[in-house]
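Enquirer: I'll drop the sequence and a predicted model, then ask my questions.
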Amino acid sequence: MSIEPIGFLVLLLGLLTMANGARFSIATLCLSTLLGAAAALQLPALGGSSIQPSHLLVLFLVAAALLRPAQTQAILTSLAYPGPGFWFATYILFSVASSFFLPRIFAGATLVYSSARDASGMMSTVAAPLAPGSSNLSQSVYLLGDLACFALVSGLARLGYARFIAQQLIVASIVCFALALIDIGTFLTGQSYLLDVIRNANYTMHTAETISGFKRIVGPFPEASMYGAVALAYFSFTLMLWLERVQSRMAGLATLFIGPTIVLCTSTTAYIAGIFVVCMFVLFCLKRLIGGPATTPHVTLLVITLFLIPCAIVALSLVPDAWDSIAGLVNTTLSDKLQSQSGEERTAWNTLALIAFVDTATFGAGLGTVRASSFIAALLSNVGLTGTLLFATFLYSLVRASGRHISGDRKTHAIGNAAIMASIAQVASASISGSGTDLGLLFSTTAGLAAGCLATTNISPRQATRSLANRTPLETSTSQMRAPMFSTR
């Protein structure tokens, strides 16, 4: 094991979180999830695996929470039955168990593209018989980190930190936009090496690619598709906050910043998932317009998506040069994608993954065993039908929670709905091009925030501090009332 320079900084930040409490922990966690191409630790013994700063930081955040009884009880409560946290924990624990047993039970039963990396960080391009590998352990560690992050964020949201978490996610979206600008600027000036300090992970970096004359935006991530997925999640979160008039100025500004970068990143994943997300927002606004209560932002979004954007497309079609450039980009990223080498390769991954699902009698080959190019195919091939149903139950319980009225205030409920939209956006992106079952810490953060906001009555940080001083358990209300989905009333 070797510690990278950025790893020493993470260790320092981790120690500071132990002393500075929840607010510092939340701010540090939200910003650290942006470092998707960075490595704090390198593990050559595990096939050259890289431990990202955010995953290393989670260890310190959990330790800091365990030192505070009020936070510890809130974390444990967030995993109680029958809430979303229970199903998320069940899904992850089942997946971890599968990583040990299933690759050995079904060893040699089928051919797979392995998720394990060699010392150079490359994955095998040749199908091989199913067998245990280093990725079984590394993926288990990542998923356990996801569970810890989910429980931590959900617990803190229950303690009244939901608005602060939302604010930090807005700040992170603005920082993501700033890093995208830096990525473009350093590329155009030939100084991309300046970002090497946050691009030191043992991954294949696609940081200098162009499509139809457009620079593919990667920001602090290894490739454009990952940037597009993260940017779409932030866009969904901030747009919902703007629609619901929660921190509307800051959220609206973040939406205006991050939105155009999704279009300019030239990611097929971002385009397809983005269309799905925009359709969801249009349906949400139409429902508000018909059934109420609709506000000016809801009407504004409908005018933009249903009138201004179609008019802009028609206007561009009248300018041949501009239209040819856009048409070339669309053909390259959408129409011709499946015929490209990358498209054929990813199709082969999914095909062999689904064959592995059948060859293992729907039990799956075990977490971290099979590489795919779709989150759904990865779920089926790695954790089988049981693991897939557990995740579907978790997602259903999370979305269903949005239809329940809590006794907290309207803004907290709106934040929970925004977090659900961000979580759905990430699942949509992963379903198009996700190579494994790990959705990452950003998903755990938004899903945990949604669960914490929509589960039960929340209390203020001042009340939590008083409870900590008195060493008394926190009492949460379990009374819930039905309300329309995504209602903030």
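Expert: Nice, I can see it.

Enquirer: could you pull out the helices for the stretch 201-350 of the chain?
Expert: For the stretch 201-350 of the chain, applying DSSP state H, counting those that start in this stretch gives helices covering 224-243, 248-264, 268-291, 296-303, 309-317, 320-330, 341-359.

Enquirer: Would you verify that Gly36 is located in a strand?
Expert: No: under DSSP: H, G, I helix; E, B strand; the rest coil, Gly36 falls outside any strand and is assigned coil.

Enquirer: List the contacts of it.
Expert: Contacts for Gly36 (C-beta atoms under 8 Å, 6 or more residues apart in numbering) come out as 52, 220-222, 226, 230, 440. In short, each C-beta sits where N, CA and C put it, glycine included.

Enquirer: switch the cut-off to 6 Å
Expert: Taking C-beta atoms under 6 Å, 6 or more residues apart in numbering, we find Gly36 in contact with 221, 226.

Enquirer: Asp183 versus that one, what's the distance?
Expert: Taking C-beta to C-beta, to the nearest Å as the measure, Gly36 falls 12 Å from Asp183.

Enquirer: Name the stretch among the helices of the stretch 201-350 of the chain that sits most buried.
Expert: Using mean count of other C-beta atoms under 10 Å, the stretch among those with the greatest mean number of neighbours is helix 224-243 (a mean of 28).

Enquirer: If you tally nearby residues, what's the number for Asp183?
Expert: 24 (other C-beta atoms under 10 Å).

Enquirer: pLDDT score for the closest residue to it other than its chain neighbours?
Expert: Among residues not flanking Asp183 along the chain, Gly219 sits closest, at 5.0 Å (C-beta to C-beta, 6 or more residues apart in numbering). pLDDT recorded at Gly219 is 89.

Enquirer: try Gly213
Expert: pLDDT, Gly213: 71.

Enquirer: nearest spatial neighbour of it, skipping sequence neighbours?
Expert: In this structure, Gly213 finds its nearest non-sequential neighbour in Ser325, 6.9 Å apart by C-beta to C-beta, 6+ apart.

Enquirer: One more: Gly436?
Expert: Distances taken as C-beta to C-beta, 6+ apart put Ala378 closest to Gly436, at 5.2 Å, once the chain neighbours are dropped.

Enquirer: The one you found sits in which helix or strand?
Expert: helix 375-401 (DSSP states H and E).

Enquirer: what distance separates that helix from the centre of its chain?
Expert: 15 Å (C-alpha atoms, centre = their mean, to the nearest Å).

Enquirer: quick one: buried residues of it?
Expert: Neighbour counts over helix 375-401 (16 or more other C-beta atoms under 10 Å) mark 375-384, 387-388, 390-391, 393-395, 397-399, 401 as buried.

Enquirer: what residue ranges in the stretch 301-450 of the chain are flagged as low confidence?
Expert: 334-341, 404-408 (pLDDT under 70).

Enquirer: now the strands for this protein?
Expert: 2-3, 41-43, 49-51, 111-112, 128-129, 210-211, 214-215, 404-405, 481-482 (DSSP state E).

Enquirer: For these, give me TSV that also has distance to Leu352 and mean neighbour count.
Expert: TSV is the format used below for the strands of the chain (distance: least, C-beta to C-beta, whole Å; neighbours: other C-beta atoms under 10 Å):
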stretch	distance to Leu352	mean neighbour count
strand 2-3	34	12
strand 41-43	27	19
strand 49-51	23	23
strand 111-112	6	22
strand 128-129	11	12
strand 210-211	27	13
strand 214-215	32	18
strand 404-405	42	16
strand 481-482	45	8
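
Enquirer: In JSON lines, list these along with distance to Tyr91.
Expert: Output for those, formatted as JSON lines (distance: least, C-beta to C-beta, whole Å):
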{"stretch": "strand 2-3", "distance to Tyr91": "32"}
{"stretch": "strand 41-43", "distance to Tyr91": "25"}
{"stretch": "strand 49-51", "distance to Tyr91": "22"}
{"stretch": "strand 111-112", "distance to Tyr91": "21"}
{"stretch": "strand 128-129", "distance to Tyr91": "27"}
{"stretch": "strand 210-211", "distance to Tyr91": "36"}
{"stretch": "strand 214-215", "distance to Tyr91": "38"}
{"stretch": "strand 404-405", "distance to Tyr91": "22"}
{"stretch": "strand 481-482", "distance to Tyr91": "26"}
